[in-house]
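Participant: Here's a sequence, model it:
(one chain, ligands or ions: 1)
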Amino acid sequence: MIPPRIRGLILDMDGVIWKGDAPIGDLPAIFGRIRARGLKFVFATNNGTKTPEEYCEKLAALGVKAEARQVVTSALGLAFMLAQKHPPGTKIFMIGEDGIRVALEEKGFVVVGVEDAPQAQAVVMGIDRGINFQKVAEAALLVRAGRPFYTTNTDRTFPTPRGEIPGSGSWLAVVTSATGVEPMVAGKPFPYLMELALERLGTAKEETLVVGDRLETDVAAGQAVGCPTALVLSGVSKREEAEGWNPTLIAESLSALVE
Ligand SMILES: [Mg+2]
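Facilitator: Residues are numbered from 1 along each chain as shown. Next comes the predicted model:
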């Protein structure tokens, strides 16, 4: 089903590779077929809470071998975007977890906490399971004082085995409501994460297929950067909703796509 001109894949994970901890299909066989066709692949996720190494461990546990370079998260996309806008050494007030912290520190940024928040020159916000009133108050004060405001992603919810819980977008709504300022976004549907994935793959955009289960993030991000797109129906979006979005391909699952 994949056109012969395609040489690389940018794969979303949740809803494409797994649901929670459960694999979608026979992953070793699927990746065996991808490798046999000579396709390069990179995983791209809006979830910035885990590091690429942690994702590789999760993939390996499901029988998929990948290197850390083959995983880009919205936390890496965020650091990639910030590095285009601020010099190393810039102090950044962060609401987020280790995935974001490590990505920012790797680019030479200095991450500060609530005690040193007034010195920060930019504000970064992602999902933070230790979020509290003080953190949100400091973020709002800095944004109101004119510091640039960035986020990993605006996904309102986050999937768990028991259902959807508040995601980055829900927490952002508190700061945007208090400041009237919308953040600049690194993750899908914006192009930064896709640009980083293309850089890692080394393929041209016309020969790279973006595969995902959400029209408004995965398909939109692929289209934003000029790649062909494939919607898989193993996650959130339904076939009926695809009208108007015009993904290049629609498949029941990743397995059906690479058959
Ligand atoms: Mg997904």
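
Participant: Who's the closest spatial neighbour of Trp171, skipping the chain neighbours?
Facilitator: Nearest non-adjacent residue to Trp171, counting by C-beta to C-beta, 6 or more residues apart in numbering: Ile131, 6.0 Å away. Just so you know, the C-beta spots here come from the backbone N, C-alpha and C atoms, and that holds for glycine as well.

Participant: and the gap between that neighbour and Val72?
Facilitator: According to C-beta to C-beta, to the nearest Å, Ile131 stands 24 Å off from Val72.

Participant: Look at these two and report which has more neighbours.
Facilitator: Using other C-beta atoms under 10 Å as the criterion, Ile131 and Val72 rank with Val72 on top: 28 against 17.

Participant: What pairs with the strand or helix carrying that one, parallel or antiparallel?
Facilitator: With elements taken from DSSP states H and E, the one containing Val72 is strand 71-73. The strands beside strand 71-73 in its sheet (DSSP bridges) come out as strand 40-45 (parallel).

Participant: so the helix or strand following the strand it pairs with versus strand 40-45, what angle?
Facilitator: Next along the chain after strand 40-45, taking DSSP H and E as the criterion, comes helix 52-61. Between the axes of helix 52-61 and strand 40-45, defined by axes from the mean of the first three to the mean of the last three C-alpha atoms, to 10 degrees, the angle is 110 degrees.

Participant: buried residues in helix 52-61?
Facilitator: Residues of helix 52-61 classed as buried by neighbour count (16 or more other C-beta atoms under 10 Å): 52, 55-56, 58-59.

Participant: Over to stretch 166-185?
Facilitator: So for stretch 166-185, counting by 16+ other C-beta under 10 Å, buried means 167-172, 174-176, 179, 183, 185.

Participant: so how far is Leu9 from the residue lying closest to Glu195 once chain neighbours are set aside?
Facilitator: Leaving aside its sequence neighbours, Glu195 sits nearest to Val225 (C-beta to C-beta, 6+ apart; 6.3 Å). From Val225 across to Leu9, the span is 14 Å (C-beta to C-beta).
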